[in-house]
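> how would this look folded up:
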Amino acid sequence: MINPWLGIAAVLVVDACLIGSIHTVRRFVVLPGEVMRKLIHLSTTTCALAFPWLFHAGWPPCFLAGFAIGLMAIARLPALQGLVEEFGVGDSLRRDAWGEFYYPIAIALLFIATRGEPLAYAVPLFAIGFGDAAAAIVGKAVGRLRYRTAGRETKSVEGTVAFLLVAFAGGWAILAGGSGLSAGEAGLLALTAGIYMALIEAIAWHGMDNLLAPFGGLLVLRGLANAGPGVLLVQASLATAAALFLAIRLFPPWPARKPA
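From the prediction side, this is the model:
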């Protein structure tokens, strides 16, 4: 492990370079505010995925989380609205975006909960980082089947499916590459964790998915860490059945009965 302060400095420099690159691209390509916000979200996720190889103690991720939350709070000051608008994320900051504050907290807590388990850290973080970005962009671009969460927020089935596919693909690659599981076992475990995280993402509101979904995925990974292929197959089937049941409840394939 390197010196913690050197690791913190490296994360801040790399993240700043990635965000600067995104801002440079925006000068030549018109990007909606939601896309800009999610690209910045991805830059943070990319840096955070390196935490297990940069830090041993839990305080550096907590320090970075506090730093990020402080920056986001400062960015909401009226005096900085011009700069925020230049970056194209003004609309995102004006809305009720608690998820932006929950996300760095989730990263820090997930790191503390999984110290010494880099794969258990990486799989949920990849899902909520890249999967959430895919859900937002796909839902915005092609979302047609809309539903409301318990908090009355509107999401799309297309976005939720995008989240699941990205979470599944990323989790499968991570687990197959480093867990010692066979490709089939890694796929079943990634599918089960991905489905449950997608269900949490689908029903959470006010950005709570950023805080709850990664820990839902972590519980699945730990609960099934030593399961055999048969148990993994059963659990994946149950998770798939739960997802299909929820989809049918939201969008029944048969017409509703008219009251007599």
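
> and the residue minimising distance to the centre of the chain, what does it touch?
Nearest to the mean C-alpha position of the chain, counting by Cα atoms, centre = their mean, stands residue 128 at 1.3 Å. Listed by Cβ atoms under 8 Å, 6 or more residues apart in numbering, the contact set of residue 128 reads 45, 103, 106, 197, 201, 209, 210, 213, 214, 217. Backbone N, C-alpha and C define where each C-beta goes, glycine included.

> hang on, it in a strand?
No: looking at residue 128 with DSSP: H, G, I helix; E, B strand; the rest coil, it is helix, so not inside a strand.

> residue ranges for the helices of the stretch 1-150 of the chain, please.
4-26, 33-48, 51-54, 59-75, 81-86, 90-94, 98-113, 118-126, 132-142 (DSSP state H, counting those that start in this stretch).

> Tell me which other helices or strands the first one touches.
On a contact count with 3 or more Cβ pairs under 8 Å, 6 or more residues apart in numbering; DSSP states H and E, helix 4-26 meets helix 33-48, helix 51-54, helix 59-75.

> now swap in the shortest one and tell me
Other helices and strands packing on helix 51-54, by 3+ Cβ pairs under 8 Å, 6+ apart, are helix 4-26, helix 59-75, helix 98-113, helix 118-126.

> deepest of those, which one?
Of all those, helix 118-126 carries the top mean neighbour count, a mean of 23, counting by mean count of other Cβ atoms under 10 Å.

> re earlier: out of the helices and strands packed on helix 51-54, which comes closest to residue 152?
Residue 152 sits nearest to helix 98-113 of all the helices and strands packed on helix 51-54, at 14.6 Å, using Cβ to Cβ.
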